[in-house]
Each structure stands twice: as structure tokens, then as C-alpha cells.
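> A predicted structure for the sequence below; I have some questions about it.
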Amino acid sequence: MLILKSLLFTFYYLKVSYRNYIPLAIFLILFHYAISNINSFFIIFMFFMIYLVVSAPISVNIFRSIVRNEILENFYFNFYYKTYTRLFLKKLFILISSIVGIYIAILIILSPFLSKDIANMTLSLYLIFLYIIYIYTRLFFILPGAALNKSYSFSDSYYITKGYSIRIYLFYVSLILPYVFLSSLLTEFNSMFNPLTILTISFVFQIFFSVLSTSIIGYLYKDVIEKKNPNANI
């Protein structure tokens, strides 16, 4: 039911708040150009950081609409003037940096034990990645909290998800796996279509899953908060 609600909300959001994802679509065009023509890790990394900033108003708008039943706004740039958007960006960068740091630390610690065989090593890396996703799902409630102007710490998010961590994890993985599969499928058939068609499909696909993933986190957050404290003012 939660995934169905998230899907319905995604289609509704894309219809009602079209001005909010036009800047993201423009940025994705530039990003596609960058990764296609610039062989620089630093430039690609900078584009990823900018992507987080560009997509922030969309996430904030979705979280506030789902959790507090606020009317969806169609004024993208207005969100950058809000204190909760700045808090959201701060928490987002902290979360991403922490997850990357944890992933690197785990790889360094486990590197002596990883198989030298490519197939086994790939499997090990996937298992580590799935574990990192679990850690992420225990911490990512700081994001909808920030969108509501609540400065949660990692320990706060860990406590909120206690007792619901497996459910949250499975819901999120049920989104990640189709995303990875469809991305691989799109790459596989890349040569069968003209570049413009592939570009258009990629943009629609990326925007759709960005909105869908944010919607799922929003509904999970609202559901867990209401179950833990039915009288909570969220």
C-alpha cells in the first residue's frame, strides 16, 4: 500500500508541480554533457554536489506535502529562502559524507579478506553495498525532519527507526533493485536507439525515481512517527 501511495503521489506531483522539476531537467542535461565529454573525476564530483542542491527544493516540497499535508507549491526558487531548506541541505551533505566515509572505511578494513577473484569480489562489494543501504535507512530520517525544520541527529534517526528498521530497509530496497535493473537495461539497449531518445528516457527515468524515492521516505517517516506517538505534532 505504501509503495502504491508513493507511486500515485509521484504521478500527482509531476503533474501539479511541473515548475519544480524543470530546473532539475535542465541540470541533468548539463550533467549528461559533462559525463559524456569531460574525463575528470573532480568535475563529475562537483556536478553531483550541485545536483544535491538543485534537487533539494523538490525533496523539501514533497516531504512537507506528505508529512504535514501542505499544498504542493509550484515555485521552485522560493524554497531556497526558507530556513528549513538550508537545514535540509546541511543535513543532506552531512548524511552523504558520512555514508561515503563509512563505505570507504569498511572497504579498507575488509580489503585483506576480500577475494582476488573478480566474480567473488563483485559479490562481496554488492553485499557491502546492501549493508551500507541498511545504515542509510537507519539514518535518513534526518532529511524529512530537516524539511520540517527539525534538526535531528543520527542518533535521533536511529532511535526513531528502532523496531521498524527491517521494514524500512525492505521498502527502500524494493525501490533500489528495480532502479538498478532498469538502469542496466537502459544501458544495455543504448545502441538500439538514437542519442536523443536515450537522453529523453534517461531524464524522465531519473526525475521519476527521484520523486518516487523521496515520496517513499516521506510516507515511511510519517507512518513510523504516527505509530510511535499517535499524538505527536509532526
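Perfect, thanks for sending it. Residues are numbered from 1 along each chain as shown.

> residue 215 against residue 13, yeah?
Yes. Counting by CB atoms under 8 Å, residue 13 is a contact partner of residue 215 at 7.4 Å. C-beta coordinates here come from the backbone N, C-alpha and C atoms, glycine included.

> between these two, who's got more neighbours?
residue 215 (26 against 22; other CB atoms under 10 Å).

> residue 152 versus the closest residue to the more buried one other than its chain neighbours, what's the distance?
Among residues not flanking residue 215 along the chain, residue 6 sits closest, at 4.1 Å (CB to CB, 6 or more residues apart in numbering). The gap separating residue 6 from residue 152 is 22 Å, by CB to CB, to the nearest Å.

> what touches both of residue 215 and residue 13?
Jointly contacting residue 215 and residue 13 under the rule CB atoms under 8 Å, 6 or more residues apart in numbering are residue 62.

> report the buried residues of the helix ranked longest in the chain.
Longest helix in the chain, counting residues (DSSP state H): helix 195-228. Residues of helix 195-228 classed as buried: 198-199, 202-203, 206-225 (neighbour count, 16 or more other CB atoms under 10 Å).

> neighbour count: residue 6 and residue 152, which is higher?
residue 6 (23 against 19).

> ranges for the helices of the protein?
2-16, 18-37, 41-68, 83-110, 118-139, 142-147, 154-160, 165-188, 195-228.

> quick one: the fourth one to helix 41-68, angle?
I take that to be helix 83-110. Relative orientation of helix 83-110 versus helix 41-68 (axes from the mean of the first three to the mean of the last three CA atoms, to 10 degrees): 120 degrees.
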